[in-house]
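*Asks:* okay, sequence plus prediction incoming.
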Amino acid sequence: MTVERLLAWSLLLTLIPVVFLVAAGAGAFVYAAVVFVHTLGSIVRHPFPVGHHVGLFLLDIDLFLIGATLLISAVGFYELFVREIDSDESSPLPRWLRMEDLNDLKRRIIAMIVLVLAVTFVEAVVDDSSAHQVLDLGAGIAAVIVALTAFLRLGHGQNGE
């Protein structure tokens, strides 16, 4: 009984990554806000060429998505290993963010990674990279997305879902 109780209490160690993931997510949001303010200043000083500024806004989207991914990971770790977050009227946790098992967390993180990869690709296209570089990057991103999708599909097949 003591070993079981110790193991149950050891799950509280996951509060360490929860704290750091929240801090990292907040850092990504703050950094994105700083990039946004800098971008606005840059646009006011030099409004052209437009494409470069669009790339900076895409960088902002990337940073906000990365911050959101970190927060989703923090919520997932907390719900899966510490305790379920009550989703009643007073709780700000949306229903779609509830984590029932590790597969829920994997699905959400992989979906966010795919979004970040897509924005990164568009950012490379807008930044006027060479056609060969864009093609290489696109092929690499497509391969990663296919691999992640296969990972999710095969993982669910084993669980009977």
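*Replies:* Now that the structure is in, tell me what you want to look at.

*Asks:* find the centremost residue of this structure, please.
*Replies:* In the chain, the centroid-proximal residue (Cα atoms, centre = their mean) is residue 69; its distance is 2.3 Å.

*Asks:* distance between the helix or strand residue 19 falls within and the chain's centre?
*Replies:* Using DSSP states H and E, residue 19 maps to helix 15-45. Counting by Cα atoms, centre = their mean, to the nearest Å, helix 15-45 is centred 13 Å from the centre of its parent chain.

*Asks:* and it, what other elements does it pack with?
*Replies:* With contacts taken as 3 or more Cβ pairs under 8 Å, 6 or more residues apart in numbering; DSSP states H and E, helix 15-45 sits against helix 50-77. Using the backbone N, CA and C atoms, a C-beta is placed for each residue, glycine as well.

*Asks:* which one in the protein is furthest away from the centre?
*Replies:* Max radial position in the chain (Cα atoms, centre = their mean) goes to residue 1, at 38.8 Å.

*Asks:* rewinding a little: and the angle for the helix holding residue 19 with helix 50-77?
*Replies:* 160 degrees (axes from the mean of the first three to the mean of the last three Cα atoms, to 10 degrees).

*Asks:* which positions within helix 15-45 qualify as buried?
*Replies:* Within helix 15-45, the residues that qualify as buried are 18, 21-22, 24-25, 28-29, 31-32, 35-36, 39, counting by 16 or more other Cβ atoms under 10 Å.

*Asks:* on that earlier part again, setting the sequence-adjacent residues aside, check what's closest to the residue nearest to the centre of the chain.
*Replies:* residue 112 (3.9 Å; Cβ to Cβ, 6 or more residues apart in numbering).

*Asks:* ok, residue 112 touching residue 68?
*Replies:* Yes: applying Cβ atoms under 8 Å, one finds residue 112 in contact with residue 68, separated by 6.5 Å.
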